[in-house]
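>>> got a sequence here, can you model it:
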Amino acid sequence: MRTDDLITRERRMTALSALAIVAAITSFAVAACTTVSAQGDPAPSTADQPSTTGRASGPPGSDDGVLPEKTSAFDTDLPGIAKLDPALLKAVQQAETAMKKDGITMQVTTGWRSKKYQQELLDKAIRKYGSRKKALEFVSTPEESHHVTGNAVDIGPTDADDWIIRKGARFGLCQTLSNEMWHFELVTTPGGECPPMS
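Sure thing, here's the model as predicted:
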């Protein structure tokens, strides 16, 4: 084999190796950009949520609680809203109506979730953080998630979160996780005081 052929072949192999490295880095970067917040709930962004088609296999869909953008607490045709605890749903609807009068539009970014959906969020966190132990600092298991039981909602945008933090206790709604300003649960009586956050 001629020296020219060896050099050409070596350059081709080097180029292919470089492409493989770039592809691996790109895949890692995409996985690392997955938004997962602390204590078991994703940040209120629908961009990172699974497909909204409810299929038996494949990624979680609307039947698993995945919500489209701009979901209202009154969109009870969606399982993610309809399967919330009835008292929680009523409180969130009352809050949405009251904040609308203050000129703020609220959306429910996630409500009830199936175990499948919660497990997918945990699996993403394990890939992101590199271990189950570390992931559990940020994402609850399906057995522990208050979303799976229908007892928690994530609200957006930030001005709606701020409104509920300030006025939600009128309806019994409280922020329950100090590092998740979007996560609310019905943990006091209407007009009562919110308990300390975890």
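
>>> mean confidence for stretch 102-112?
Averaged across stretch 102-112, the pLDDT comes to 97.

>>> centre of the chain versus that stretch, how much separation?
14 Å (C-alpha atoms, centre = their mean, to the nearest Å).

>>> in it, which residues are buried?
106-112 (16 or more other C-beta atoms under 10 Å). For glycine as for every other residue, the C-beta is placed from the backbone atoms N, C-alpha and C.

>>> check stretch 66-79 too.
66-67, 71-73, 75, 78-79.

>>> between these, which sits nearest L122?
V66 (15.4 Å; C-beta to C-beta).

>>> of the buried residues of stretch 102-112, closest to A169?
M106 (16.2 Å).

>>> got the buried residues for stretch 125-136?
Buried, per 16+ other C-beta under 10 Å, within stretch 125-136: 125-126, 128-129, 135-136.

>>> now it: average pLDDT?
Averaging pLDDT along stretch 125-136 yields 94.

>>> what's the answer for stretch 171-178, then?
95.

>>> end to end on it, go ahead and measure it.
End-to-end distance for stretch 171-178: 19 Å, by C-alpha to C-alpha, to the nearest Å.

>>> likewise stretch 177-189?
End residues of stretch 177-189 are separated by 18 Å (C-alpha to C-alpha).

>>> and that stretch, which residues are buried?
Those would be 177, 180-188, for stretch 177-189 by 16+ other C-beta under 10 Å.

>>> tell me what the helix or strand that contains E185 is packed against?
Element membership of E185, judged by DSSP states H and E, is strand 183-186. With contacts taken as 3 or more C-beta pairs under 8 Å, 6 or more residues apart in numbering; DSSP states H and E, strand 183-186 sits against helix 86-101, strand 153-156, strand 173-175.
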